[in-house]
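**Student:** one predicted model, sequence on top.
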Amino acid sequence: MPTPVRKAVLPVAGFGTRVLPATKAIPKELLPVFDRPAIQYVVDEAREAGIEHIVFVTGRGKQAIEDYFDHAFELEASLKAKGKDQILADVEGSRLPAGGASFTRQQTPSGLGHAVWCARDIVGHEPFAVLLPDVIVKGEPGCLKQMLAAYDDVGGNIIAVEQVPEDQTHKYGIIAPESRDGALIKMKGMVEKPAQGTAPSNLSITGRYVLQPEIFELLAEQGAGAGGEIQLTDSMATLMGQQSFYAYEYQGQSYDCGDKIGYLRAVAAHAVAHADLGDKARETLLDVLG
């Protein structure tokens with residue numbers, strides 16, 4: 001049986017350029033998606049999948065993320081004194097368990113691959129997950145839990161994918177499939193934003209990965225790629241020649257919260273799905289649309 005995946009890396013050092021000026025003073029990961037920050041959904045997905053330790057790769061101005069997942073003594077004491085038990089439970093539910101998180105800093109914006117590499121000493125020599133906090137995935141069960149069920153069967157490295165329209169493949173990282181068994185697809189390559197009409201499939205990379213620790217050695221030697229940054233996809237392509245690589249077409253819907261329209265879609269989708277306020281949220285959205 002493969003070595004269990006216990007740790008997850010969340011790269012949260014980015015500036016949130018695509019949603020400025022909203023992120024000028026607030027980390028993009030803490031922008032609210034209806035009733036909770038975007039990053040809360042991603043952390044909940046990781047914990048649902050059985051992740052025991054989350055490594056946040058932060059940058060300057062991201063201290064509020066660490067504070068969000070900590071104990072807020074004054075706030076919790078005030079809520080308890082006022083008998084606001086349900087709100088208190090929600091606030092306490094956002095707290096990560098003692099020893100369940102680490103924070104390390106990416107000192108320069110050198111790319112996703114570099115951000116993942118910054119977590120190397122905390123992850124150690126064991127397989128780990130990477131969840132991009134810009135991407136919220138609604139699914140039952142969560143996307144990572146689906147992936148880890150497949151990982152328990154085949155091991156190796158796994159990338160979450162979803163289908164996109166053929167005329168949109170040039171906007172995404174696209175995998176090249178070799179063979180398929182249900183939702184699990186053996187890969188032979190990947191292409192970042194292929195020219196229109198040249199994509200090897202219509203399966204785009206979603207922002208969820210299960211990777212073996214050998215990726216760290218490759219990232220350490222990886223030169224700058226697209227945009228002058230150290231790209232995770234470059235090292236994954238190299239590792240693909242040494243280890244098994246699979247894509248997993250998960251059941252669910254992704255929302256890109258790093259894009260203004262994607263963020264709006266995420267807010268609307270989670271509002272109408274809310275257990276208590278969903279019906280009212282739907283009425284409100286229809287009212288706004290006239």
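**Tutor:** Sure, I can see it. Numbering: from 1, shown residues only.

**Student:** from here on, contacts and neighbour counts on C-alpha atoms
**Tutor:** Noted.

**Student:** show me the residues around Gly61 that make contact.
**Tutor:** With contact taken as Cα atoms under 8 Å, 6 or more residues apart in numbering, Gly61 is in contact with 25, 27.

**Student:** from Asp134, how far off is it?
**Tutor:** Distance, Gly61 to Asp134, using Cα to Cα, to the nearest Å: 17 Å.

**Student:** again with Ile175
**Tutor:** Taken as Cα to Cα, the span from Ile175 to Asp134 is 20 Å.

**Student:** and if you look at Val272?
**Tutor:** Taken as Cα to Cα, the span from Val272 to Asp134 is 20 Å.

**Student:** so the two - more neighbours on which side?
**Tutor:** Between Val272 and Asp134, counting by other Cα atoms under 10 Å, Asp134 is the more crowded of the two (24 against 19).

**Student:** that one contacts Leu31, correct?
**Tutor:** No: checked against Cα atoms under 8 Å, the pair Asp134 and Leu31 is beyond contact range at 10.5 Å.

**Student:** so for Ala226, what's the pLDDT?
**Tutor:** Note for Ala226: predicted pLDDT of 58.

**Student:** now Tyr250
**Tutor:** Tyr250 is assigned 96 on the pLDDT scale.

**Student:** tell me, how many residues neighbour it?
**Tutor:** Tyr250 sits with 24 neighbouring residues when counted by other Cα under 10 Å.

**Student:** so how far is stretch 31-40 from its chain's centroid?
**Tutor:** 14 Å (Cα atoms, centre = their mean, to the nearest Å).

**Student:** gap between the two ends of that stretch?
**Tutor:** Termini of stretch 31-40 sit 10 Å apart (Cα to Cα).

**Student:** run through who's touching stretch 273-290.
**Tutor:** Contact with stretch 273-290 is made by 268, 271-272, as judged by Cα under 8 Å, 6+ apart.

**Student:** how about a cut-off of 6 Å?
**Tutor:** 271-272 (Cα atoms under 6 Å, 6 or more residues apart in numbering).

**Student:** same check, this time on stretch 89-107
**Tutor:** The contact list for stretch 89-107 (Cα under 6 Å, 6+ apart) reads 53-59, 69-70.

**Student:** for it, buried residues please.
**Tutor:** 91, 94-96, 101, 103-106 (16 or more other Cα atoms under 10 Å).

**Student:** in the stretch 151-290 of the chain, which ranges drop under the pLDDT threshold?
**Tutor:** 223-228 (pLDDT under 70).

**Student:** try it again with 80
**Tutor:** 222-230, 290 (pLDDT under 80).

**Student:** that one: strands as residue ranges?
**Tutor:** In the stretch 151-290 of the chain, the segments counted as strands under DSSP state E, counting those that start in this stretch are 157-163, 173-181, 184-192, 203-211, 245-249, 253-256.

**Student:** measure Ser94 to Phe69 for me?
**Tutor:** 6 Å.

**Student:** helices of the stretch 1-150 of the chain, residue ranges please.
**Tutor:** Remark: helices assigned in the stretch 1-150 of the chain by DSSP state H, counting those that start in this stretch are 38-48, 63-68, 73-81, 85-93, 112-117, 120-123, 143-154.

**Student:** among the ones you listed, which is the most enclosed?
**Tutor:** Ranked by mean neighbour count, the helices of the stretch 1-150 of the chain are led by helix 112-117 with a mean of 23 (mean count of other Cα atoms under 10 Å).

**Student:** Gln163 contacts Ile205, correct?
**Tutor:** No: in this structure, Gln163 is not within contact of Ile205 by Cα atoms under 6 Å, at 9.1 Å.
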